[in-house]
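Participant: Sequence and predicted model, in that order:
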Amino acid sequence: MRRAFLILVPYIWLLVLFLAPFLIVLRISLSDPALAIPPYVPQLDAAEGVWPGIVNLVSQFDLENYAFLTGDDLYWKAYLSSLQIAVVSTFLTLLVGFPIAYGMARAPVEWRATLMMLVILPFWTSFLIRVYAWIGILGTEGYLNQLLLSVGVIDAPLAILNTNIAVYIGIVYTYLPFMVLPIYAALEKMDDSLLEAAEDLGCTRTSAFWLVTVPLSKTGIIAGCFLVFIPALGEFVIPSLLGGSDTLMIGKVLWEEFFSNRDWPVASTVAVILLLILIIPIILFQRNEQKQREMDG
Amino acid sequence: MKRFALLLAGTAMATAAAAEEVRVYNWSDYIDEDLLTKFEEETGIDLIYDVFDSNEVLETKMLAGSSGYDVVVPSGTFLQRQITAGAFQELDMSKLPNAGNLWGVIQDRTAQYDPGNAYSINYMWGTTGIGVNVDKVTEILGEDAPIGSLDLVLNPANMEKLAACGVHFLDAPSEIIPATLAYIGEDPDSQDPDVIAKTEETLMAVRPYIQKFHSSEYINALANGDICVAVGWSGDILQARDRAWEADNGVEIAYNAPSEGALMWFDQMAIPADAPNPEAAHTFLNFIMDAQNMAAASNYVYYANGNEASKEFLVEDVIGDTAIYPDEATLENLYTTTPYDARVQRGVTRLWTKVKSGT
């Protein structure tokens, strides 16, 4: 009984917070735009009962919006460019995040709680304000350019704001804690005697790092990469604030479809495809993990 | 960005509600803020005032329903679409004694969008044209720079030279596409997708030289001298002129309605069908229609209004400026547009996305 309940809880969670909203979006993606409140047809007409109403509703669905999307290269370019930005920034976040997590895990035990707090500290300020702060830092007249000009590293201000470089900086900065924390959790659990054993068996420090530390923190690295990659792919705020008009990201296209074009069905279609693009790698990843476990077992 | 912040503000607003308050959603830089305080003092009603800078964003909120606002200010064609969608309630004229102040000439024109003016009152109206930093533009293009013509901003030869000093366009396809049609000699109010498609070539040719598509930043950018040309709304550009005067920074801004014809638009105050406080909304509309209040607003933002009684309170700077209150000759050169249907709209917005993003 208790076990059934425990299994039920995550399913209810999934149903309420994922499946129900997803079905609403899916339904809009199969509708047509209309000048009405809300701005799409068909609507559920339950005058002849709920069930005939639903049947009638479903019979009017079509895949026109999906055809529209495939026929227009804007969306594919946006998806690909989002993928590229997400992959590159995940990699950069890993490059920055791993040494931080490693340093934290190697630090004396009494420091670790403080270091952990320092990583979490930025969350105490609104995300929006922190991204706005980067506008002040990266602008033509911003602090970074002023600093570099005064030191004499550059002669003319660098154009960073409103380019993809600013978007990368914004994403790496924002999602760094999501990378650091899982890697730290994995590294902290690692038994130091394993490294000693590796060195006793003739490993250099570097090869011990690659042969012992990295494989043992693999779960943390993979978790961190997913925690960064998934939100980065659909990111909207950072490219709108820091990116230029040439920064093509699917989150921005979605916003435009919804607010500027007022085309909810196409916006929903873009969202459904974005979700599919995200779900496929997650499923593949899990299959792979399972196979690995079976082979190990 | 700004749009996003507004969006957040808007959703937060919609959840709360209190007794005597009115929530107004108006365009940015579009009122003398002293009037807001005056309204609260006179009526005892709490006024919550939010701003937007795009008809499209307003329409999204209206069509989503439950916006939480009591008064909103769409422009004519957008108003017409939203009335069709059932977004607004009819005004109760018995609660609007100041409606007698309205100007028949403007009422006749706005009836095109809102038959019988049953759902809305005119707040302000103006034209879409070109603002220039006179010194910089004449320095680049010479004394005979075509500052009164769309040739300035739609001819790549001119735009190429102007690009370095900065050109902004409104982020509003419903205004830029009619202007481009006028420039290439087509009917600006064309609803024919093939005719509209002809604008693509012209717009794509000047696109690389446009620094930004934005509908509110250009006021400050022009005034500061950060940019030298903006395709924007008459009053906004005149506000930029005024801000430059005040700053005494040597920047001289001029506004011209293009000689090829200029879009004349009307911003209408209306009450959403699901407004939480329609009573207070009527009180606000009546307050705005008071001759002195309306004059104060126009004197502050440099837009003409649809209130005949307010004319005697307008300063000479406003009533005497043909860029704001056009004379007969200028009026003849103004055109109005009608809303696109859903199919044409999709083509228009796709074209606009292409112009903005390059793909």
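Facilitator: Here it is on my side, so go on.

Participant: what does chain B have sitting close to chain A?
Facilitator: With CB under 8 Å from any CB of the partner chain as the criterion, chain B comes near chain A at residues B:1, B:3-5, B:7-8, B:54, B:56-57, B:59-60, B:62-65, B:81, B:84-87, B:171, B:212-213, B:342, B:345-346, B:349-350, B:352-354, B:356-359. C-betas here are computed from N, CA, C, even on glycine.

Participant: Next step: those residues restricted to strands.
Facilitator: Here DSSP state E is the test, and the residues of chain B next to chain A give B:212-213 as lying in strands.

Participant: Derive a PyMOL selection command for the buried subset of the residues of chain B next to chain A.
Facilitator: Selecting the buried subset of the residues of chain B next to chain A in PyMOL, with 16 or more other CB atoms under 10 Å in any protein chain shown as the burial test, is done by:
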select buried, chain B and resi 3+7+54+56+57+59+60+62+63+64+65+81+85+87+171+212+213+345+346+349+350+352+353+354+356+357
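
Participant: For residue A:169, give its distance to residue A:133.
Facilitator: 12 Å (CB to CB, to the nearest Å).

Participant: Among these two, which residue is more densely surrounded?
Facilitator: residue A:169 (21 against 13; other CB atoms under 10 Å in any protein chain shown).

Participant: Is that one in contact with residue A:242, as I believe?
Facilitator: Yes: judged on CB atoms under 8 Å, residue A:169 makes contact with residue A:242 at a distance of 7.4 Å.

Participant: Please enumerate the shared neighbours of these two.
Facilitator: A:134, A:138 (CB atoms under 8 Å, 6 or more residues apart in numbering or on different chains).

Participant: which secondary element of chain B has the worst mean pLDDT?
Facilitator: One helix or strand of chain B scores below all others by mean pLDDT, DSSP states H and E: helix B:2-15, with a mean of 45.

Participant: Against which helices or strands is the helix or strand that comes right after that one packed?
Facilitator: For helix B:2-15, the following helix or strand on the C-terminal side (DSSP states H and E) is strand B:21-27. The contact analysis (3 or more CB pairs under 8 Å, 6 or more residues apart in numbering or on different chains; DSSP states H and E) places strand B:21-27 against strand B:46-52, strand B:71-72, helix B:278-288.

Participant: Which is the succeeding secondary structure element to strand B:21-27?
Facilitator: Beyond strand B:21-27 toward the C-terminal end (DSSP H and E), the next one is helix B:33-43.

Participant: tell me the mean pLDDT for that following helix?
Facilitator: Mean pLDDT, helix B:33-43: 95.

Participant: How about the residues of the stretch 1-150 of chain A by chain B?
Facilitator: For the stretch 1-150 of chain A, the contact set with chain B under CB under 8 Å from any CB comprises A:33-39, A:72-74, A:77, A:128.

Participant: Select only the buried ones of the residues you listed in ChimeraX?
Facilitator: Only the buried entries of those go into this ChimeraX selection, using 16+ other CB under 10 Å:
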select /A:33,34,35,37,39,74,77
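
Participant: Next step: the residues of the stretch 1-150 of chain A next to chain B restricted to helices.
Facilitator: Secondary structure from DSSP state H places A:73-74, A:77, A:128 of the residues of the stretch 1-150 of chain A next to chain B in helices.

Participant: mind listing what the one residue in the stretch 1-150 of chain B that gets nearest to chain A touches?
Facilitator: Closest contact between the stretch 1-150 of chain B and chain A, by CB to the nearest CB, is at residue B:63 (4.2 Å). With contacts defined as CB under 8 Å, 6+ apart, residue B:63 is in contact with A:35-39, A:262, B:82, B:85, B:87.

Participant: Give me the distance between it and residue B:72.
Facilitator: Taking CB to CB, one finds residue B:63 at 12 Å from residue B:72.

Participant: the longest helix in chain B is where?
Facilitator: Secondary structure assigned by DSSP H gives helix B:342-357 as the longest helix of chain B.

Participant: Tell me the helices and strands packed up against that helix.
Facilitator: Applying 3+ CB pairs under 8 Å, 6+ apart, one finds that helix B:342-357 contacts helix A:73-106, helix B:173-183, helix B:193-197, helix B:199-206.

Participant: if we compare the ones you listed, which one ends up closest to residue A:179?
Facilitator: Smallest distance to residue A:179 across these (CB to CB): 3.4 Å, for helix A:73-106.

Participant: what is the orientation angle of the closest one with helix B:342-357?
Facilitator: Computed with axes from the mean of the first three to the mean of the last three CA atoms, to 10 degrees, the direction of helix A:73-106 lies at 50 degrees from that of helix B:342-357.

Participant: buried sites along helix A:73-106?
Facilitator: Judged by neighbour count using 16+ other CB under 10 Å, the buried positions of helix A:73-106 are A:74-75, A:77-79, A:81-83, A:85-86, A:88-90, A:92-94, A:97-98, A:100-102, A:104-105.

Participant: list the contacts for residue B:158?
Facilitator: By CB under 8 Å, 6+ apart, the contact set of residue B:158 is B:141, B:145-146, B:151-152.

Participant: how about 6 Å then?
Facilitator: Remark: with contacts taken as CB atoms under 6 Å, 6 or more residues apart in numbering or on different chains, residue B:158 is in contact with residue B:152.

Participant: Would you mind naming the helix or strand containing it?
Facilitator: Assigned by DSSP H and E, residue B:158 belongs to helix B:156-162.

Participant: How about residue B:187: what's its closest non-neighbour residue?
Facilitator: In space, residue B:187 comes closest to residue B:181 once its chain neighbours are excluded; the distance is 6.5 Å by CB to CB, 6 or more residues apart in numbering or on different chains.

Participant: quick one on the thing from earlier: could you point out which of the ones in helices among the residues of the stretch 1-150 of chain A next to chain B is nearest to residue A:211?
Facilitator: residue A:77 (41.5 Å).

Participant: Was I right to think the closest one contacts residue B:359?
Facilitator: Yes: under the criterion of CB atoms under 6 Å, residue A:77 makes contact with residue B:359 at 5.3 Å.

Participant: show me where pLDDT drops low in the chain?
Facilitator: Answering for chain A, as no chain was given. Residues of chain A that meet the criterion pLDDT under 70 lie in A:245, A:281, A:285, A:288-289, A:292, A:295-297.

Participant: my bad, chain B
Facilitator: Applying pLDDT under 70 to chain B flags the ranges B:1-19.

Participant: How is it divided into domains?
Facilitator: Domain assignment of chain B by automatic domain parsing yields the ranges B:2-126+B:265-326, B:127-263+B:337-357.
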